[in-house]
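Asker: Fold the following.
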Amino acid sequence: MDLILRAARMVDDAPLVDIAVEGGRIVEISPRCGSAAREEIDCAGRVVIPGLIESHLHLDKALLDKEKPNRDGTLAGAIEVTGELKSQFTAGNVRHRARQIIEKAIINGTTMIRAHPDVDPIVGLLGVEVLLELREEYRGLVDLQIVAFPQEGILKAPGTEDLLRESLRRGADVIGGCTYNEIDLATCHRHVETVFDLAEEFGVPVDMHADFADDADDPRFALADFIAETTDRRGMSGRVALGHMTSLAGRDETERRAVLRNLAAAGVAVVPLPATDMHLGGRGDTENVRRAVVPVRDLWDAGVTCAYSSNNIRNAFTPYGNADMLDIGLLLAQIGHLSGTADLARVLTMATHMAAEVVGIADGYGILPGRAADMVVLSSTCVADILLDRPDRCYVIKSGRVVARTTRTTHIAEVLCA
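Answerer: You can find the predicted model right below:
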C-alpha cells in the first residue's frame with residue numbers, strides 16, 4: 001500500500017475505520033486494514049472528509065482590492081473598477097495573484113477548483129492562457145477546470161464570441177456566460193443561445209452568472225425560466241450551472257418555488273456565492289435591507305442540485321476571503337437560517353458531493369473503494385461539528401499523496417493560586 005489513514009472517523013456514532021490507498025485510489029475501507037503502507041497517518045479519531053471543491057472562483061481577479069477598491073459597493077461599481085484594472089493586467093501579475101489563492105485553497109483542503117477567467121476585448125485571452133499554464137503547474141496538487149467567462153457581455157462587446165471560441169480551442173473546459181450584462185432582454189436571450197451554441201460546438205458544459213440583482217423588476221435578471229427551457233430544449237440536463245441567482249430571494253415565495261421547480265426539472269444547478277452576494281446586495285435599501293442570497297432551503301426543497309463557493313477574494317466584488325470553503329459554508333448557514341446537525345451536514349455536502357455533481361466529477365469522487373483518493377483529515381473529532389469547529393486541515397491528500405499539512409500546538413497557561 002502507498003498510504004493508510006488509521007482510526008479515521010467518517011460517521012459519528014460508528015466505529016473508526018482504516019482507509020487504504022494505492023495508485024492514487026482508495027482500495028479498502030475497513031475497521032482494521034492488516035496491510036502495511038509506505039506512509040501511515042494516525043487519525044486518532046479525527047474526521048476525514050472528501051476533498052473540498054471550489055465550484056466558482058475568479059483566480060484572475062483575486063487580490064485586486066488594494067490596487068483599487070469598489071467605493072460604492074455595487075455590482076456596477078465592481079464591474080467598472082475591475083474593467084479599469086484589467087486593462088493593466090500582465091501575465092506575470094495574474095499568475096502571481098492566482099498562485100497565492102490556489103495555494104491558500106490547497107492548504108484549506110480544496111482538491112478541485114472551477115475557475116472563471118474573464119474573456120473579453122479588454123483582457124483578451126490572458127486569463128485563460130495563464131490558467132492553462134497553472135493547470136499544468138499544479139497538476140497532482142489540485143485539479144483546475146477553466147471556464148471561458150464573458151464578464152463584459154457577448155453582444156455588447158463585439159469580438160467576445162470569437163475569443164470564447166478560441167479559449168475553448170486552446171483547452172478551456174467549460175463555456176461561461178454573464179446573461180445580465182447586455183442592453184435589453186432580447187440580447188440577453190441571444191447571449192444565452194450563443195453560450196449554448198458554443199457548448200454544443202465544443203461538447204462542453206455551461207456555467208453562467210445569472211439573475212444577479214436584488215429583485216427581478218428588470219427582466220434581464222429574471223432569466224431562470226428561459227435558461228431552464230433552453231437547457232431542456234438543447235438536451236443539456238445535468239450540464240448547466242448558474243452562479244449567484246440572487247434575484248430569486250426578492251421574488252414572491254410562490255413564484256420563486258415555481259421557478260426552482262423548473263430548474264430542478266431541467267437539471268440546472270444553482271451555486272450561491274454568499275460572501276459576494278450579501279456584500280453587493282441590498283445596496284439601495286435603507287430599511288429592511290435584503291440579504292440577496294438565494295434561500296438555500298428552498299433549493300433543497302425543490303430538489304435543485306446546489307453548491308456554494310468563494311467566488312471572488314479580496315477585490316471589488318468581495319473584499320474578503322481566504323479560499324476557505326468551511327468558512328464560506330458557515331457564513332451560508334448563518335445567512336440562510338440553517339442550523340442543527342442535519343442542516344449543517346447538508347451545507348457541508350454542498351462543498352463536497354453536490355459540488356462534485358456541479359463540476360461533473362461525481363462518478364469518481366468520494367471516500368469509497370475505487371474512487372480517487374482526494375481527502376482531508378480535520379482536527380475535529382465529530383462530523384456534526386465540522387462547520388462549527390472551524391478545524392485545522394491537518395492533512396490534505398490529493399490522488400493518494402499528502403500535498404499540505406497544518407500542525408498547531410496550543411496550551412492554556414497554568415493558573416497560579418495565591
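Asker: quick one, phi/psi of K398?
Answerer: phi -120, psi 120 (degrees, to the nearest 10).
Asker: Can you pull out the low-pLDDT segments for the stretch 301-418 of the chain?
Answerer: The model of the stretch 301-418 of the chain has pLDDT under 70 over residues 416-418.
Asker: show me where it has strands.
Answerer: Shown for the stretch 301-418 of the chain, the strands assigned by DSSP state E, counting those that start in this stretch span residues 375-378, 393-398, 401-405.
Asker: any chance you could map the strands in the stretch 51-200 of the chain?
Answerer: Using DSSP E, counting those that start in this stretch, strands in the stretch 51-200 of the chain cover 52-57, 110-115, 143-148, 174-178.
Asker: and the angle for the first one with strand 143-148?
Answerer: The one in question is strand 52-57. 10 degrees (axes from the mean of the first three to the mean of the last three CA atoms, to 10 degrees).
Asker: one step back: closest to S380 out of the strands of the stretch 51-200 of the chain?
Answerer: Comparing the strands of the stretch 51-200 of the chain by their distance to S380 (CB to CB), the top pick is strand 52-57, with 13.9 Å. For every residue, glycine as well, the C-beta is placed using N, CA and C.
Asker: got a list of contacts for the closest one?
Answerer: 101, 105, 108-116, 207, 241, 243, 271, 273, 307-313, 323, 325-326, 351-352, 355-356, 358-359, 376 (CB atoms under 8 Å, 6 or more residues apart in numbering).
Asker: what's in contact with stretch 255-267?
Answerer: 224-225, 227-229, 231-232, 236-240, 242, 248-249, 251, 270, 295, 298-299, 301-305.
Asker: Going through those, which ones are buried?
Answerer: Buried by 16 or more other CB atoms under 10 Å: 224, 227-228, 231-232, 236, 238-240, 242, 248-249, 251, 270, 295, 298-299, 302, 304-305, out of the contacts of stretch 255-267.
Asker: Among those residues, which are located in helices?
Answerer: 224, 227-228, 231-232, 298-299, 302 (DSSP state H).
Asker: and the gap between the closest residue to T90 other than its chain neighbours and S167?
Answerer: Distance criterion CB to CB, 6 or more residues apart in numbering; nearest residue to T90, sequence neighbours excluded, is L126 at 7.9 Å. Distance of L126 to S167, computed by CB to CB, to the nearest Å: 11 Å.
Asker: Extract the CA atoms of the lowest-mean-pLDDT helix or strand in the chain and return them as PDB.
Answerer: Each helix and strand of the chain was given a mean pLDDT (mean pLDDT, DSSP states H and E); the minimum falls on helix 75-86 at a mean of 90. Extracted C-alpha coordinates of helix 75-86, given in PDB (Å, rounded to 0.1, in the frame of the first residue of the first chain):
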ATOM      1  CA  LEU A  75     -22.200  45.300  -8.800                       C
ATOM      2  CA  ALA A  76     -21.900  48.000 -11.400                       C
ATOM      3  CA  GLY A  77     -19.100  49.700  -9.500                       C
ATOM      4  CA  ALA A  78     -17.300  46.400  -9.200                       C
ATOM      5  CA  ILE A  79     -17.500  45.700 -12.900                       C
ATOM      6  CA  GLU A  80     -16.300  49.300 -13.700                       C
ATOM      7  CA  VAL A  81     -13.300  49.100 -11.300                       C
ATOM      8  CA  THR A  82     -12.300  45.700 -12.500                       C
ATOM      9  CA  GLY A  83     -12.600  46.700 -16.100                       C
ATOM     10  CA  GLU A  84     -10.100  49.600 -15.500                       C
ATOM     11  CA  LEU A  85      -7.700  47.200 -13.700                       C
ATOM     12  CA  LYS A  86      -8.000  44.500 -16.300                       C
END
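Asker: Could I get the buried residue list for it?
Answerer: 75, 77-79, 81-83, 85-86.
Asker: same deal with stretch 22-37?
Answerer: Buried residues in stretch 22-37 (16+ other CB under 10 Å): 22, 25-29, 33, 37.
Asker: Okay, and which of these map to strands?
Answerer: Secondary structure from DSSP state E places 22, 25-29 of the buried residues of stretch 22-37 in strands.
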